[in-house]
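Asks: any chance you can model this:
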Amino acid sequence: MPSNVEIKASIASLEDFKKRAKELSKTDGEVLVQEDVFFHVPNGRLKLRTIKDEKSELISYNRPDEEGPKQSEFHTSPVVDPSALKKCLGSALGIKGIVRKVRTLFMVGQTRVHVDQVEGLGDFMELEVQMQEGQSVEQLQKIAEDLMEKLGVSEKDLISVAYMDLLLKKQSQTSQG
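Replies: Okay, the predicted model is just below:
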């Protein structure tokens, strides 16, 4: 099963963070307009990701809700007709919610650095250190922590949950308030 180590955090200055990511990656990054439709499932998370003008894929993953570097195990499958699959899975499982974001992707070594502008939430960054053969989770965590420091991300900005969870919490607070 593919695996990576992830860190997610809010960022105060989108432009400052992008500048640091550009310097580390030596690229301008790739802009991806994404929609993630999450479905109710008994184990882990299941989402249908559609990237505008590109591809769609179904992603199943398990990741603990904790701050700092955490291991995530996942499976992906290409999707030819995302609209039909969304209807089918929505009918069978129910749609938990939808996350829309503009993501700028930078590659720094084996790490995917995401700069995310999430609709309804704000600006965030996510590091995904891709596990390579022979590497331990501890090695990936060290890579993530070093990169976090170089990007100026502090512990107080770390987020332990998925964007979907943050949106659901925000919606719950809005409906109660």
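Asks: every contact and neighbour count from this point should use C-alpha atoms.
Replies: Will do.
Asks: so, low pLDDT: which residues of this protein?
Replies: 1-2, 64, 66-70, 177 (pLDDT under 70).
Asks: nearest the geometric middle of it, what residue?
Replies: Centroid-nearest residue in the chain: Glu126, 6.0 Å away (criterion: Cα atoms, centre = their mean).
Asks: other SSEs contacting the helix or strand containing that one?
Replies: Using DSSP states H and E, Glu126 falls within strand 122-130. Secondary-structure packing of strand 122-130 (3 or more Cα pairs under 8 Å, 6 or more residues apart in numbering; DSSP states H and E): strand 3-10, strand 111-118, helix 137-150.
Asks: and the longest one, what does it pack against?
Replies: By that I understand helix 137-150. Applying 3+ Cα pairs under 8 Å, 6+ apart, we find helix 137-150 packed against strand 3-10, strand 122-130.
Asks: all strands for the protein, in order.
Replies: 3-10, 30-39, 45-51, 56-62, 70-79, 95-108, 111-118, 122-130 (DSSP state E).
Asks: now render those as CSV, adding distance to Glu23.
Replies: Output for the strands of the chain, formatted as CSV (distance: least, Cα to Cα, whole Å):
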stretch, distance to Glu23
strand 3-10, 19
strand 30-39, 14
strand 45-51, 25
strand 56-62, 30
strand 70-79, 25
strand 95-108, 10
strand 111-118, 12
strand 122-130, 16
